[in-house]
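Participant: A predicted structure for the sequence below; I have some questions about it.
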Amino acid sequence: MRARLRFAAVVLMASLALAGCGSGASNGSSADSKEAAAGEAAGGAAKGPAPDSAHAGAQPPGGKGQQTAVPQTHVIRTAELHVEVKDATAALASVRTAVEGAGGHVADESTERIDDTQVTSRVVLRVPQDRYATLLTDLAGTGKLLSRKADAKDVTGQVVDVESRIATQRASVARVRALMDRAEQLSDVVTLEGELSRRQAELESLLAQQASLKDRTTMATITLELSEPEKKEQAKTEDDPGFLDALSGGWNALVTTLRWIVVVLGAAAPFLLAFAVAYAVWRFLVRPRLRGRTARGPAPRKD
């Protein structure tokens with residue numbers, strides 16, 4: 001009996017021991033998994049801020065850390081407008097006021113009167129680039145817009161090329177001047193003076209091109225034509241003619257008839273004059289003599 005009790009106690013203690021070991025192993029494994037998860041989280045946390053720190057250290061494009069120079073564009077803008085207005089003279093005065101108020105000026109102007117009934121004006125306006133679009137809209141609204149044409153030409157490459165050539169040419173002129181300062185022989189001085197003159201002329205030509213490009217890219221050109229509408233002729237009524245119309249027609253017919261009579265008389269006047277002279281000679285010279293001879297009769301015969 002006692003042996004059985006001892007055996008049962010041993011089995012119970014062994015089972016308890018095994019259960020404790022199993023629970024410890026499970027706890028250890030769970031602890032290990034938790035530590036591993038914590039380690040991965042820590043590693044991820046250690047790796048995660050690295051990109052943020054990298055991004056934090058880098059500046060966005062256009063920021064202080066990375067300044068990118070944006071190339072300036074140079075555009076030549078031109079436009080042509082044809083507007084019909086009631087009074088071209090008054091419209092031209094208002095256009096001149098608006099352009100001068102915007103900082104521009106009238107470069108060319110021509111005014112013409114057609115058939116003493118219409119006035120047309122053509123003006124070339126130079127306006128600042130920043131006021132170009134606004135003035136173009138205002139000018140188109142001064143009357144009835146008949147036609148509009150606008151053009152924009154990008155000459156940034158040409159401007160940059162001219163500036164580069166100017167810098168190169170200035171350096172070339174400076175080198176020739178330095179050689180002239182060190183020249184000792186007269187022939188060398190003469191040759192260098194000719195070369196300097198040629199290079200200075202090229203430099204002045206480039207500077208003139210640069211000034212022209214600057215003027216055309218700074219000030220836009222608007223060609224405006226103002227015209228007045230044609231006066232419509234009053235429509236003639238097709239009613240039956242009245243007394244005045246008949247009187248006017250009769251008078252015109254009489255005048256036309258008299259005019260033709262005068263023309264015919266003028267053409268027949270020489271013939272009538274010759275006939276009148278011949279009749280007068282016959283009436284006053286020839287006829288009386290014939291009557292005298294007839295009255296005397298024949299001479300008596302002598303037996």
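Facilitator: Arrived safely, thanks for sending.

Participant: residues touching the closest residue to residue 193 other than its chain neighbours, list them.
Facilitator: In this structure, residue 193 finds its nearest non-sequential neighbour in residue 180, 7.1 Å apart by C-beta to C-beta, 6 or more residues apart in numbering. C-beta coordinates here come from the backbone N, C-alpha and C atoms, glycine included. For residue 180, the contact set (C-beta atoms under 8 Å, 6 or more residues apart in numbering) comprises 189, 192-193, 196.

Participant: any quick PyMOL command for the buried ones out of the residues you listed?
Facilitator: Remark: buried members of the contacts of residue 180, expressed as a PyMOL selection using 16 or more other C-beta atoms under 10 Å:
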select buried, resi 192+196
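
Participant: of the contacts of residue 180, closest to residue 83?
Facilitator: residue 196 (53.6 Å; C-beta to C-beta).

Participant: could you give me the average pLDDT of the helix or strand hosting that closest one?
Facilitator: Taking DSSP states H and E as the criterion, residue 196 maps to helix 186-218. In this model, helix 186-218 has an average pLDDT of 92.

Participant: same deal with stretch 140-149?
Facilitator: Stretch 140-149 comes out at a mean pLDDT of 90.

Participant: doesn't residue 126 lie inside a strand?
Facilitator: Yes. Counting by DSSP: H, G, I helix; E, B strand; the rest coil, residue 126 is part of a strand.

Participant: tell me what it is bridged to.
Facilitator: When assigned by DSSP bridges, residue 126 has beta-bridge partners residue 105, residue 221.

Participant: tell me which residues touch it, please.
Facilitator: Counting by C-beta under 8 Å, 6+ apart, residue 126 touches 104-107, 219-221.

Participant: ramachandran angles for residue 110?
Facilitator: Residue 110 adopts backbone torsions of phi -140, psi 130, taken as degrees, to the nearest 10.

Participant: so what's the closest residue to residue 99 other than its chain neighbours up against?
Facilitator: Closest residue to residue 99 apart from its sequence neighbours, by C-beta to C-beta, 6+ apart: residue 125 at 5.2 Å. For residue 125, the contacting residues are 95, 99, 104-107, 135, 221-224, by C-beta under 8 Å, 6+ apart.

Participant: redo those as a markdown table? Include distance to residue 170, neighbour count and pLDDT.
Facilitator: Shown next, in a markdown table, are the contacts of residue 125 (distance: C-beta to C-beta, whole Å; neighbours: other C-beta atoms under 10 Å; pLDDT from 0 to 100):
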| residue | distance to residue 170 | neighbour count | pLDDT |
| --- | --- | --- | --- |
| 95 | 43 | 23 | 92 |
| 99 | 37 | 22 | 92 |
| 104 | 33 | 21 | 93 |
| 105 | 32 | 13 | 93 |
| 106 | 36 | 15 | 92 |
| 107 | 32 | 13 | 91 |
| 135 | 38 | 22 | 91 |
| 221 | 30 | 19 | 94 |
| 222 | 36 | 23 | 94 |
| 223 | 37 | 16 | 94 |
| 224 | 41 | 25 | 94 |
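
Participant: dump those into a markdown table; add distance to residue 281 as well.
Facilitator: A markdown table is the format used below for these (distance: C-beta to C-beta, whole Å):
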| residue | distance to residue 281 |
| --- | --- |
| 95 | 85 |
| 99 | 90 |
| 104 | 93 |
| 105 | 90 |
| 106 | 85 |
| 107 | 86 |
| 135 | 94 |
| 221 | 90 |
| 222 | 89 |
| 223 | 84 |
| 224 | 84 |
